[in-house]
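1. I would like the atomic coordinates for the input below:
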Amino acid sequence: MDPSTEEQLISIKFETRDKLLDCVRAFYSKRGYILSILRSKAEKSVVLRCDRGGNYRNTHKISEEQRKKFTSSRLANCPFQLYGKKNEEGTWAIEIRNNEHNHGPSTDISAHASLRRLTPDQLESVEHMSNCGIRPKQILASLRHDDPDTRVIARTIYNAKKKIQKNNLQGKSAIQKLFEDLGDGRFKFNILRDEEDHITHLYVADPRSILLTRNFPNIFIMDCTYKTNRYKMPLLNIIGMTSFNTSFFSAFVFLKRERTEDYIWALRMFKETLGEVNQPLVVITDRELALINAIQDVFPSTTNILCIWHINKNILAKCKMYFQTKEDWETFSSDWQKVVYSSTEGEYIDNWREFETTYKEKNEALVYIKETWLPLKEKFVSAWTDGHLHLGNRASSRAEGAHSKLKKYLEVSTGNLQIVKKKICLAIDNEFNEITVQLAREKAQVPHACDIPYFKNLIYRISTFAFKELHEQYMMAKKGTMHPICTGKFTTTMGIPCAHKMENWRTGSLSLDQVHPHWRIDTRELNNPDSNLGADHDDQIENIIDNFRREYHKWPLDKKKRAEEIIQQITIQPDVLFEPTITSRENRFQVAKKRKAKNSTRRDPSQFEIVEARWQSNSSNGVTHARQMHQDTNIAAAEFEVPTTVSDGGVIDWIDLNM
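-> As a prediction, the model looks like this:
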């Protein structure tokens, strides 16, 4: 039924309330007016009014001076009103109580929020796509593809996501929901709190990450990333390395500060995640002295290697100002690399002496390198690092890539811990699936070039990446193109035989024990991420409970009562926790002139980036004098808060680039 006049509309008897609402709304919508329900009594009556009826109510009592946003309201106190009532015979009829509008009709009804509401099916799609990590703009594109006539806009999607998040909390606070999810999901987690029960530290290891960590416990990269949460807490990202030379998220730690005691707490939690039988062979970090000290404390036998890329960028930031031309700087940088990649301690001494002599007039640059980096030479110069099984890792690029991947899932930097944890788990889920599939695939295939008698003992047992490295060495042995002297460094650092150890390539075969266990795939099982996780603690608590049951009946009443009170206090009384307080970051640049969006996850610029930008700007303007470059660098530093951290000894240290 499609009435053309209000008289016809009034005369209609509707079978149900819903049919009345549909007909009335459609009738006035065609005329540029949208109706909303003012009040209703189930199966009795309903009052409809223009959706521009009523006045704006300042429920929070915010004055115009205090209001942060320039806001507006569609409400115009429009008097139009209809009354729908159910008759004795069970039908519904309409009565017009006020037929006047105090405004003209809308020329485009998409201006009305009620017409931009999601249908139940659309809302379900939004929830599903949000849970899959799909961004709002892509969700909107999908809805428009399915329904070109939809009036949904981006704000509709954001509002729907917010409502979905609120519904998912089920009346709980975000912190309560967080720990409920962590407790139900076999996570390893721990917290620290302040005197007011605000969370200050949170350690989280997903069960799938734990399985990967215990399967691949040899190499880890540790690095903090920023702009991941509304509390501005640094997030320590611990990254592992698989047999396939790919990376995985091992653990996440939200920190209050970046001091030695904070890192020690985090690494002790990570040590429990690894299990008693595992300890990292190598950990790669930036020159973060607090983290370096913590690694020495918690993992004393682990080798700590410093990221050479960050070292070079720090030297650029501190030394480039002393060079007049690009060519002079590139020569200096090349000579420094010669020092870094010295193959023996004697060669290092000779190269450094030559470097000192060549650049004796650049005293400031030499002093910086000597005081800042040479005391740590064993952590980055090849003469020392090539004596350790680092599996080709001498930079923290894996961590930088992991930061970037994580932030694509986070989207914004304003999420609470519960939301951030949920998105981290989504990233881990996708990553774990990729690794599981790759393991299954590599167990069932062999690289064509390696399907030869010499590698017969390795087929289906080591990864394709390891086969690729072996094949390169094999071809050098076959062609006789390897270096005449074997230093043993390739085997030491990679855990793979070098060409010199393949002299019997014509008649012999390589044994499996010549390849480091890290590259093995036949010993890995990732099908059940929940299996045996937490079994160590489960066994402990089961033993305690069994002992308690045996001894309880032997105790006097007073002891039984005390035991019952303790158990009730632990198990029955809720553990009251509050969200972290917002932390001020101590060690990153704060852009002064051009601010990014407050919810951006994009990192702030590092000092070397500012120096390079100034250098390029001066070069394009014909300015090459070192003094002018030094002045411009000081200006650049003044425009930014210089990123520093204070070590336990009170020494200020430069912090490297972080995502």
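2. Show me the contact partners of stretch 469-489.
-> Contact with stretch 469-489 is made by 343, 386-387, 447, 449-450, 454-455, 458, 462, 490, 494, 496-503, 505, 510, 515, as judged by C-beta atoms under 8 Å, 6 or more residues apart in numbering. Where C-beta positions appear, they are placed from N, C-alpha and C, glycine not excepted.
3. Just the buried ones out of those residues, please.
-> Listed as buried from these are 386, 450, 454-455, 458, 462, 490, 494, 496-502, 505, 510, 515; burial here means 16 or more other C-beta atoms under 10 Å.
4. count of residues packed around Lys19?
-> 14 (other C-beta atoms under 10 Å).
5. Filter the contacts of stretch 469-489 down to just the ones in helices.
-> Cross-referencing the contacts of stretch 469-489 against helices under DSSP state H gives Phe490, Met494.
6. residue contacts, the residue minimising distance to the centre of the chain?
-> Relative to the mean C-alpha position of the chain, the nearest C-alpha, by C-alpha atoms, centre = their mean, is the one of Leu406, at 3.3 Å. When contacts are counted by C-beta under 8 Å, 6+ apart, Leu406 touches Thr225, Thr228, Asn237, Phe249, Ile424, Ala427.
7. and it, helix, strand or coil?
-> Following DSSP: H, G, I helix; E, B strand; the rest coil, the label given to Leu406 is helix.
8. By neighbour count, which of the contacts of Leu406 wins?
-> Neighbour max across the contacts of Leu406 (other C-beta under 10 Å) = Thr228, 27 neighbours.
9. Make sure that one is actually in contact with Lys421.
-> No: counting by C-beta atoms under 8 Å, Thr228 sits too far from Lys421 to count as a contact (10.9 Å).
10. so where is the stretch 501-650 of the chain shaky, pLDDT-wise?
-> By pLDDT under 70, the weakly predicted segments of the stretch 501-650 of the chain are 528-538, 573-574, 584-650.
11. Could you rerun that using 90?
-> Residue ranges of the stretch 501-650 of the chain with pLDDT under 90: 503-508, 525-554, 557, 559-561, 563-577, 582-650.
12. same thing with the stretch 351-500 of the chain?
-> Counting by pLDDT under 90, the stretch 351-500 of the chain shows low-confidence ranges at 411-414, 484.
13. which residues does Cys23 contact?
-> Counting by C-beta under 8 Å, 6+ apart, Cys23 makes contact with Met1, Pro3, Leu9, Ile12, Phe14.
14. Surely the fourth one touches Pro3?
-> Yes: assessed by C-beta under 8 Å, Ile12 is found in contact with Pro3 at 6.4 Å.
15. Roughly how far does Thr273 sit from Thr213?
-> Separation of Thr273 from Thr213 (C-beta to C-beta, to the nearest Å) stands at 6 Å.
16. Which one of these two is surrounded by more residues?
-> Thr213 (25 against 19).
17. so is the more buried one in a helix, a strand, or just coil?
-> Recorded secondary structure, Thr213: helix (three-state DSSP).
18. And the pLDDT for it?
-> pLDDT for Thr213: 96.
19. cool, the one 3 residues further on as well?
-> As predicted, Phe216 sits at a pLDDT of 96.
20. need the contact list for it.
-> Taking C-beta under 8 Å, 6+ apart as the definition, contacts of Phe216 comprise Gly240, Met241, Thr242, Ser243, Phe248, His518.
21. how about those residues, which pair is most distant?
-> Phe248 and His518 (13.4 Å; C-beta to C-beta).
22. of the contacts of Leu406, closest to His112?
-> Nearest to His112 out of the contacts of Leu406 is Thr228 (C-beta to C-beta; 37.6 Å).
23. Disregarding flanking residues, what is the spatial nearest neighbour of the closest one?
-> Leu235 (4.8 Å; C-beta to C-beta, 6 or more residues apart in numbering).
24. Backbone dihedrals for that neighbour, please?
-> Dihedral angles phi and psi of Leu235 (degrees, to the nearest 10) take the values phi -120, psi 110.
25. My guess is it contacts Lys227. True?
-> No: proximity of Leu235 to Lys227 does not meet the contact threshold set by C-beta under 8 Å, at 9.1 Å.
26. What's the local residue count around Leu374?
-> When neighbours are counted by other C-beta under 10 Å, Leu374 registers 12.
27. Contact partners for it?
-> Leu374 makes contact with Trp352, according to C-beta under 8 Å, 6+ apart.
28. Distance check, it against Val339.
-> According to C-beta to C-beta, Leu374 and Val339 sit 9 Å apart.
29. Overlap in contacts, the two.
-> Common contacts of Leu374 and Val339 (C-beta under 8 Å, 6+ apart): Trp352.
30. Can you say which helix or strand has Ala477 in it?
-> For Ala477, the host element (DSSP states H and E) is helix 464-479.
31. What of Tyr83?
-> Secondary structure (DSSP H and E) places Tyr83 in strand 81-86.
32. Could you look up the SS state of Ile284?
-> Ile284 ends up strand, using three-state DSSP.
33. Tell me which helix or strand the residue nearest to it when sequence neighbours are not counted sits in.
-> Of all residues not flanking Ile284 in the chain, Ile221 sits nearest, at 4.6 Å (C-beta to C-beta, 6+ apart). Using DSSP H and E, Ile221 falls within strand 219-225.
34. Equivalent analysis for Leu526, please.
-> Using DSSP H and E, Leu526 sits within no helix or strand.
35. How far away from the center of its chain is the longest helix belonging to the chain?
-> Ranked by residue count, the top helix of the chain under DSSP H comes out as helix 417-442. Its chain's average C-alpha position is 12 Å from that of helix 417-442, according to C-alpha atoms, centre = their mean, to the nearest Å.
36. Same check on stretch 561-578?
-> A distance of 35 Å separates the C-alpha centroid of stretch 561-578 from that of its chain, computed with C-alpha atoms, centre = their mean.
37. buried residues in it?
-> Buried, per 16+ other C-beta under 10 Å, within stretch 561-578: Leu577.
38. what's the answer for stretch 25-34, then?
-> Under the neighbour-count criterion of 16+ other C-beta under 10 Å, stretch 25-34 has Arg25, Phe27, Tyr28, Ser29, Gly32, Tyr33, Ile34 buried.
39. quick one on the thing from earlier: got the angle between the helix holding Ala477 and helix 417-442?
-> Helix 464-479 and helix 417-442 are oriented at 40 degrees to each other (axes from the mean of the first three to the mean of the last three C-alpha atoms, to 10 degrees).
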